[in-house]
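Peer 1: Make a model of this:
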Amino acid sequence: MLEADRTFTGSVPENYNRYMVPLIFEVFAIELVRHASSLSPAAVLETAAGTGVVSRILGPQLSESAKYVVTDLNLAMLNYAMSRQAPDARITWLQSDALDLPFGDGTFDLVCSQFGAMFFPDRVAGYREAKRVLRPGGHFLFSVWDRIEENVFANEVEIALANIFADDPPRFMSRTPHGYHDTALIRRELEAAGFFQIEIDTKAEVSRASSPGFLAAAYCLGTPLRGEIESRASGKLGETTELVAQALERRYGKGEVFGKIQAHLISVKT
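Peer 2: Residues are numbered from 1 along each chain as shown. Next comes the predicted model:
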């Protein structure tokens, strides 16, 4: 993973929430929250919360006495998430590194993270921190994307960009979001962190976009692909996004488009 792969600044948080959340993140957030709420947690930590899709769904389902700490290393993403959620005395918003959590041992009975582990510079260290702050019998729930070939929209966008930038194709999507799909590796790294009660469920869903243009905007404007495009074609982000939209239109037609998305949902118990 490159350092630029973790750059979600400027208008990226807003575009991420506008395009990417309804396109691919919300459906899996609902699934993660379904599992989380079934545990009736009293003290919850969310790491790598992004623009807050999980917190917006999970918060209302927690008990009135619950405590919910929502964190992200990226302050721009965290501030955007906080701005999108109604004030709630149960929720604390905190900029924090998932690899160096500012909490005592055994503070939480649930740690959750949606599509964040792929961005950890040291995943085992991140998993150890999750284990450290969990109480005995606590749960760690998180999700990661499956390989890019199982996620057709991301794959088609990457192919379109490879045709546009044949000499230096942007590979953010396959390198980072879809670069941690090996379930055997996930299990080994969790075990290295001291977790042994591990369940991995691979789940497919159908994503939909109102048009190829929406799909192109989602990936080109709402992810670090934006930086990769701008580094290759300064001042031509809009033009490049339109070229991607045209390629997707040739593939899918002009109307609403549907595509498979697939992720691993991991449940770990201390």
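Peer 1: from here on, contacts and neighbour counts on C-alpha atoms
Peer 2: Noted.
Peer 1: Name all residues that make contact with the spatially closest residue to residue 180 that is not a sequence neighbour.
Peer 2: Spatial nearest neighbour of residue 180, excluding adjacent residues (CA to CA, 6 or more residues apart in numbering): residue 118 at 5.9 Å. Counting by CA atoms under 8 Å, 6 or more residues apart in numbering, residue 118 makes contact with 144, 176, 177, 178, 179, 180.
Peer 1: So residue 118: helix, strand or coil?
Peer 2: Classification of residue 118 by DSSP: H, G, I helix; E, B strand; the rest coil places it in helix.
Peer 1: returning to what we had before: of the contacts of residue 118, which pair is most distant in space?
Peer 2: 144 and 176 (10.3 Å; CA to CA).
Peer 1: more crowded one of the two?
Peer 2: For residue 144 versus residue 176, the count of surrounding residues by other CA atoms under 10 Å is larger for residue 144: 25 against 18.
Peer 1: before we move on, which element is the more buried one in?
Peer 2: strand 134-145 (DSSP states H and E).
Peer 1: Can you name every helix or strand that the helix or strand following that strand contacts?
Peer 2: Next helix or strand after strand 134-145 toward the C-terminus (DSSP H and E): helix 152-164. On a contact count with 3 or more CA pairs under 8 Å, 6 or more residues apart in numbering; DSSP states H and E, helix 152-164 meets helix 172-175, helix 212-221, helix 237-252, strand 257-269.
Peer 1: ok, residues contacting helix 152-164?
Peer 2: 148-149, 168-171, 173-174, 215-216, 219, 240, 243-244, 247-248, 259-261.
Peer 1: please redo it, this time with the cut-off set to 6 Å
Peer 2: 148, 169, 244, 259, 260 (CA atoms under 6 Å, 6 or more residues apart in numbering).
Peer 1: May I have that helix as CSV, with CA atoms only?
Peer 2: What follows is helix 152-164 as a C-alpha-only set of coordinates in CSV (Å, rounded to 0.1, in the frame of the first residue of the first chain):
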residue,chain,number,x,y,z
VAL,A,152,-17.3,-6.0,-11.1
PHE,A,153,-17.7,-2.2,-10.9
ALA,A,154,-14.3,-1.7,-9.4
ASN,A,155,-12.8,-4.1,-11.9
GLU,A,156,-14.4,-2.3,-14.9
VAL,A,157,-13.3,1.1,-13.7
GLU,A,158,-9.7,-0.1,-13.3
ILE,A,159,-9.8,-1.7,-16.8
ALA,A,160,-11.1,1.6,-18.2
LEU,A,161,-8.3,3.6,-16.5
ALA,A,162,-5.7,1.1,-17.7
ASN,A,163,-6.8,1.8,-21.2
ILE,A,164,-6.6,5.6,-20.7
